[in-house]
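*Asks:* Starting from these lines, generate the structure:
(one chain, ligands or ions: 1)
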Amino acid sequence: MSTYDRIVGGATATSAIPWQVSLRQCQHGACHFCGGTVLDSKTILTAAHCKVQTSHYIMVGKVSRMEGQNVQVSKVINPNPNWNENTMDNDIMILKLSTPLTLGSDVQAICLPSATFEPSVGSTCFTSGWGTTKENGELPTNLQYVGVPVVSQSSCNAAYNNGITANMICAGFAAGGKDSCQGDSGGPLLVEQDGRYVLAGVTSWGYGCGDYGYPGVYARVTAQLEWIMSSLGEEEIACEAGIGFRHC
Ligand code: ARG
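*Replies:* Numbering: from 1, shown residues only. Sure, this is the predicted structure:
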């Protein structure tokens, strides 16, 4: 299995990616284990396989994993009821925070896609996180991001022995080299819809990282919208990813 040098093949964010969350088991960046995205000031979306507990913390609003404030998770809205640990189907979960985040330039809610949005094959997505820069590698100190094209369900299914359900979306280059990796799970896959970036996927799984012929697999957000919306509070979500994804 080949490995590559960097997320895999990405670049260091030059400023905070405002919706990017680090999940950690203790109040320190060294305890990072998964990514997540900000849905509103008290709500974080991540992957079900991250198995977050109320003893865990989140950090948002910094490039360095070692900076920023930790906020404790106060409630875990259990994994999507249709989450299947064996097939990774519906790999998504929602957390509530003990103290609301102060939204501003460095901390913002992600925009959600409209229910019928279907990112076209080949369109560029961005994924980001503090996951390893190569398979079995180390976590980088600074947040990484990378652009990867949407892959069709049929070619992704061909790569993964028909393991790709309608609740998954794949992204990656045929040649590999750029991908999410271990520790990026739960983080965002963004695609442009009507001139702004929306959350199309949640980093979920893949064979290796950036390996030739094996795209990254993400939980498809449009398939989860109803469940996501039912887990949000009354608060109006002023998502600002419409202003442009500053890091691309
Ligand atoms: N399961 C990994 C995690 O828990 C994410 C793997 C993503 N893999 C990939 N090749 N895109 O962090």
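*Asks:* burial count for the residue of the chain found nearest the ligand?
*Replies:* Nearest residue of the chain to the ligand (C-beta to the nearest ligand atom) works out as residue 206 at 2.3 Å. No exception for glycine: its C-beta is placed from N, CA and C like everyone else's. When neighbours are counted by other C-beta atoms under 10 Å, residue 206 registers 26.
*Asks:* Next, the closest residue to it other than its chain neighbours: phi, psi?
*Replies:* The shortest distance from residue 206 to any non-neighbouring residue, by C-beta to C-beta, 6 or more residues apart in numbering, is to residue 216 (4.6 Å). Main-chain dihedrals, residue 216, degrees, to the nearest 10: phi -80, psi 150.
*Asks:* Going forward, the N-terminal residue is numbered 40.
*Replies:* Done: numbering now begins at 40, and the last item shifts to residue 255.
*Asks:* what's around residue 157, how many residues?
*Replies:* A count of neighbours around residue 157, defined by other C-beta under 10 Å, yields 13.
*Asks:* Name the nearest residue to it, ignoring sequence neighbours.
*Replies:* Nearest one to residue 157, counting by C-beta to C-beta, 6+ apart, is residue 261 at 7.3 Å.
*Asks:* Wait, a helix at the one you found?
*Replies:* Yes: judged by DSSP: H, G, I helix; E, B strand; the rest coil, residue 261 forms part of a helix.
*Asks:* which ones are touching the residue lying closest to residue 59 once chain neighbours are set aside?
*Replies:* With C-beta to C-beta, 6+ apart as the criterion, residue 59 has its nearest non-adjacent residue at 5.5 Å, and that residue is residue 167. Contact analysis of residue 167 by C-beta atoms under 8 Å, 6 or more residues apart in numbering lists 46, 49, 52, 56, 59, 74, 182-185, 223, 226-227, 286.
*Asks:* What's the first helix or strand after the helix or strand that contains residue 167?
*Replies:* Residue 167 is located in strand 163-168, with elements delineated by DSSP states H and E. Later in the chain than strand 163-168, the nearest helix or strand by DSSP H and E is strand 183-190.
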